[in-house]
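**Q** kindly return the folded structure for what I paste below:
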Amino acid sequence: MATIQCRLEVNALTVPQSYKIRFVPRDSMDTDGIAAAMAAENPNYSLEDNKTMLANLVRVLQKNLINGTQSTVDGAFTFGFSFTGRLDNPDDPLPPAEDILRVDVHVLAPFLKEIRRQAQLERLPMIEKAPLINAAEDTVLGLDDVLHSGGALRLTGSNLLFDPKRSDEGCVIEGTRSGRAAQTRFAGISNAEVTLLPEFPTQNEPWNNEYILSLSTRYTENGTLRTGIYRRRLRAPLTAAQLGSPTPPETGILTDKAASPYVKITGGSLNADETVRVQAVLEHDGSLSVSLLDMSEGGRTGASVRVAANGAYVLPGFAGSALSSLNITVSRFADLVKMIRSGYSGRVVDVLVVKTA
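**A** Residues are numbered from 1 along each chain as shown. Next up is the predicted model:
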């Protein structure tokens, strides 16, 4: 026998806080389903016979009620009326029926007693209503999970609506190593979408370009503050300068909150300033495939380079790019793999602004 499922929900109207027990339907059954179940109980009547009887029962009950007759199915239900509203004086005319008339269905004691006798309750885990951020896209670059100071960040999901005028509600971008910025510039706020002009703090080191985004709101005036944290990390673009010189300064990339970079750019062949992406993908054997990409998902890519240990590597550019090669040094391979596996679901991408000077 299947269980009757229920779930606890916070009752926001009580102080101190209490909980309501909410029925969670396991399934629903329409007329066809009920008729089929009746046929299974009594094969002497076909599915169509049962549908006809159900339709006839509905018509009879409705006609009885229209004629002011209360109807009882013995041992199960009573169908009758109740009225809403009030009159200030006994001589006042009655309001229209559509404003005050309600049909009531009362369950009779024998029917309920048998259900309670056989019922087995199953308590489901609590689910709190909270902001759910499904995606974060930079609308200028057209890329997901990029935190670009010159762009607009569009968040999509559910239960996102908040009041930016309330000090405890809003959107926050926080560095995984340091810094926190409450967002103040919004282009639109709704339940399904929030668009903002992002402001985010500079962290301790240039390669610390990883950020966490969260959104907090209340669903009633005095309700509990609910916070939703975006499941993916946002990454800000990095700048690699003087790639046209023989000894450019090293630039840390593909790192999280670490005090030293996992990967460094040590040089490259560049004939004009350009913005590209560098990608590291975790393979089944534990190695990484590292490559250069253009600025469009599914666009041009350079040949991937297998990285399985610390060391120096050269990443080829992609067709038509001003960056024909990029020299990198992997100095913390194990930490890089751990970051990609645990924090990025097997793939991490950095946006690189590469400059000749």
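**Q** helix, strand or coil for residue 58?
**A** Here residue 58 is recorded as helix under DSSP: H, G, I helix; E, B strand; the rest coil.
**Q** for residue 95, give its distance to residue 82.
**A** For residue 95, the distance to residue 82 equals 14 Å [C-beta to C-beta, to the nearest Å]. In this view, the C-beta of every residue, glycine as well, is placed from N, C-alpha and C.
**Q** low pLDDT regions in the stretch 51-200 of the chain?
**A** Within the stretch 51-200 of the chain, no range satisfies pLDDT under 70.
**Q** which parts of it are helices?
**A** Here the stretch 51-200 of the chain has its helices, by DSSP state H, counting those that start in this stretch, at 97-100, 109-118.
**Q** gap between the last one and the chain center?
**A** The chain centroid and the centroid of helix 109-118 are separated by 41 Å under C-alpha atoms, centre = their mean, to the nearest Å.
**Q** show me the strands in the stretch 251-357 of the chain, by range?
**A** Secondary structure of the stretch 251-357 of the chain (DSSP state E, counting those that start in this stretch): strands at 251-253, 263-270, 274-282, 288-293, 305-307, 311-316, 323-330, 347-354.
**Q** what sits against residue 174?
**A** By C-beta atoms under 8 Å, 6 or more residues apart in numbering, residue 174 lies in contact with 180, 181, 201, 211, 212, 213, 214.
**Q** just these now: which is nearest residue 300?
**A** Residue 300 has its nearest neighbour among the contacts of residue 174 in residue 211, at 27.4 Å by C-beta to C-beta.
**Q** which ones are touching the closest residue in space to that closest one that isn't next to it in sequence?
**A** Distances taken as C-beta to C-beta, 6 or more residues apart in numbering put residue 234 closest to residue 211, at 4.4 Å, once the chain neighbours are dropped. For residue 234, the contacting residues are 136, 145, 146, 147, 173, 210, 211, 212, 213, by C-beta under 8 Å, 6+ apart.
**Q** what's in contact with stretch 189-197?
**A** Counting by C-beta under 8 Å, 6+ apart, 139, 151-162, 164, 171, 183, 185-188, 215 sit against stretch 189-197.
**Q** what does stretch 150-166 give?
**A** 129-141, 147, 169-171, 184, 186-187, 189-198, 213, 215-219, 226, 228, 230.
**Q** if any of those residues are buried, give me the PyMOL selection for them.
**A** Applied in PyMOL, the following selects the buried portion of the contacts of stretch 150-166 according to 16 or more other C-beta atoms under 10 Å:
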select buried, resi 130+131+133+136+137+138+141+147+169+170+171+189+194+195+196+198+213+215+216+217+218+226+228+230
